[in-house]
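Participant: Have a look at this prediction, sequence included:
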Amino acid sequence: MLVASRLIQGVGAGLVSPASLAGAVSGFPPERRGSALGIWGASSGMANLVGPVIGGLLTVTIDWRACWWFFLPASAAVAWGLRRFVPATIHADESPDAAGLRQLVVAAAALVAALTFVVMIGAFYLAQQYLQVAAGYSALGAAAALTLIAVLVGVAAPLAGASRTSAARGRR
């Protein structure tokens, strides 16, 4: 039951991650897209920091089962934030040709994001398992050891997005 639940959770995460990237691509004009993607990358990097740390804290202080119960209020908060702050329609006044091209770009970006997340999350998972099983770290200790990577990604991503936006402006 636990493995099946984790599989369903993984499928959901695999659907959400590319969808959030698609929102970053389609929700911003081309001249601001680099910054939007940088912020998206920073958020992803910080999620890789916050998730394992919260999971480690819950595991060490309560029990590993507390991680599953944490998702209920966290999911409710995200759902509320999406309904409250994300517009229902983006670029509704586009021509059909532009909408078709945008869908192709979004699909390609979603595929790249999905592959990136598979590699990135898989690497974090394997590193965390190694630290816990082979090196003897606690769940919280393993998460803390990987904090530096997540912080570096969180710092570098907006800078990379901003430099891409600056480079695009310079070509005009």
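Facilitator: Perfect, thanks for sending it.

Participant: use CA for all of it now, contacts and neighbours both
Facilitator: Will do.

Participant: Give the buried residues for the helix or strand harbouring R33.
Facilitator: Assessed by DSSP states H and E, R33 sits inside helix 30-61. Neighbour-count burial for helix 30-61 flags 32-46, 48-50, 52-59 (criterion: 16 or more other CA atoms under 10 Å).

Participant: Next secondary structure after it?
Facilitator: helix 65-85.

Participant: Put the alpha carbons of that following helix into CSV.
Facilitator: In CSV, the C-alpha atoms belonging to helix 65-85 read as follows (Å, rounded to 0.1, in the frame of the first residue of the first chain):
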residue,chain,number,x,y,z
ARG,A,65,4.0,8.7,8.9
ALA,A,66,3.7,12.3,9.8
CYS,A,67,5.2,13.2,6.4
TRP,A,68,2.0,11.8,4.7
TRP,A,69,-0.3,13.8,7.0
PHE,A,70,1.7,17.0,6.3
PHE,A,71,0.6,16.8,2.6
LEU,A,72,-3.1,17.4,3.5
PRO,A,73,-2.8,21.0,4.8
ALA,A,74,0.1,21.7,2.4
SER,A,75,-2.0,20.7,-0.6
ALA,A,76,-5.0,22.7,0.7
ALA,A,77,-2.8,25.8,1.0
VAL,A,78,-1.4,25.3,-2.5
ALA,A,79,-4.9,24.8,-3.9
TRP,A,80,-6.1,28.0,-2.2
GLY,A,81,-3.1,30.0,-3.4
LEU,A,82,-3.6,28.8,-7.0
ARG,A,83,-7.3,29.8,-7.0
ARG,A,84,-6.5,33.1,-5.3
PHE,A,85,-3.5,34.3,-7.2
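
Participant: what's the offset of that helix from the middle of its chain?
Facilitator: Taking CA atoms, centre = their mean, to the nearest Å, one finds helix 65-85 lying 15 Å from the centre of the chain it belongs to.

Participant: Same question for it: list its buried residues.
Facilitator: C67.

Participant: can you pull the pLDDT of the residue positioned nearest the centre of the chain?
Facilitator: Geometric centre of the chain, nearest residue: S44, 3.4 Å, by CA atoms, centre = their mean. In this model, S44 is scored at 72, pLDDT.

Participant: So it versus T147, what's the distance?
Facilitator: 13 Å (CA to CA, to the nearest Å).

Participant: go on, L126?
Facilitator: Taken as CA to CA, the span from L126 to T147 is 15 Å.

Participant: Who has more neighbours out of the two?
Facilitator: Ranked by neighbour count (other CA atoms under 10 Å), L126 and T147 place T147 first, with 18 against 11.

Participant: can you pull the contacts of that one?
Facilitator: L49 (CA atoms under 8 Å, 6 or more residues apart in numbering).

Participant: confidence score at it?
Facilitator: 79.
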